[in-house]
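Peer 1: Structure for the following, please:
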Amino acid sequence: MFSYRWIHRFSMPPLEAVLDAVEAYFTTLCPGRYQVVRRERFCLEFRRGAWKRRLLDSSAIVPRFLGIDRRDITTWPTLLSVTTLPAPTTFEVTLQRHVQMPGGLALQPAHYEAGTAAFDRESDGLVGYLAEFLKLPSRPVVRAERTAPGASPVTEGQSAAGESSHASHEGPEAVRKGEADVADV
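Peer 2: The predicted model follows:
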């Protein structure tokens, strides 16, 4: 199985309705709405894409090989965790996406960059929605972390206008040379 990770972080005023607004945003996002899997006081978990129940253990859900189109991120088996770290003056919000591709379906660099761009747009859209919904005086700045194989994490800022559009990532190490072309499924 190939595993990839994208992380986005931003800070905002401590408001109780943050997770309610996050839930409303991701469950109505088109195309490919997320489904709420777990909700706790400071954490939400969502699932989207091609999943199936394990044959002998119906409580376990695993990525489904059939139904995944590497060119369509809404079919990628994706787990999204949204956590808030409360403090007296601010909430640190972290969006962490884990994509678990079955063996034989590694993401090519072009697929990976398409996922990066799409997840950046989703995160930027969430921040815009929160700023409007919660009537924030200014739009929070999204920070994305990028981790390349054998390198230390690099943090990149994404402004409200989306000037820098890089997501945080772990996973290029799963991309192997010599595999199928981007046009292949």
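Peer 1: longest helix anywhere in the protein?
Peer 2: Identified as the longest helix of the chain according to DSSP state H is helix 109-133.
Peer 1: which helices and strands sit right next to that helix?
Peer 2: Counting contacts by 3 or more Cβ pairs under 8 Å, 6 or more residues apart in numbering; DSSP states H and E, helix 109-133 is packed against strand 2-12, helix 18-27, strand 91-101, strand 142-146, strand 154-158. C-beta coordinates here come from the backbone N, C-alpha and C atoms, glycine included.
Peer 1: Only the buried residues of it, if you could.
Peer 2: Within helix 109-133, the residues that count as buried by 16 or more other Cβ atoms under 10 Å are 111-112, 114-116, 118-120, 122-124, 126-127, 129-131, 133.
Peer 1: How about the residue in this structure that sits furthest from its center?
Peer 2: residue 56 (29.3 Å; Cα atoms, centre = their mean).
Peer 1: so it sits in a helix?
Peer 2: No: read with DSSP: H, G, I helix; E, B strand; the rest coil, residue 56 is coil and lies in no helix.
Peer 1: State the distance from it to residue 30.
Peer 2: 35 Å (Cβ to Cβ, to the nearest Å).
Peer 1: related to what we said a few turns ago, the helices and strands packed on helix 109-133 into JSON lines, with extra columns for mean neighbour count and mean pLDDT?
Peer 2: As requested, the helices and strands packed on helix 109-133 are arranged in JSON lines below (neighbours: other Cβ atoms under 10 Å; pLDDT from 0 to 100):
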{"stretch": "strand 2-12", "mean neighbour count": "20", "mean pLDDT": "93"}
{"stretch": "helix 18-27", "mean neighbour count": "17", "mean pLDDT": "93"}
{"stretch": "strand 91-101", "mean neighbour count": "20", "mean pLDDT": "93"}
{"stretch": "strand 142-146", "mean neighbour count": "21", "mean pLDDT": "86"}
{"stretch": "strand 154-158", "mean neighbour count": "14", "mean pLDDT": "48"}
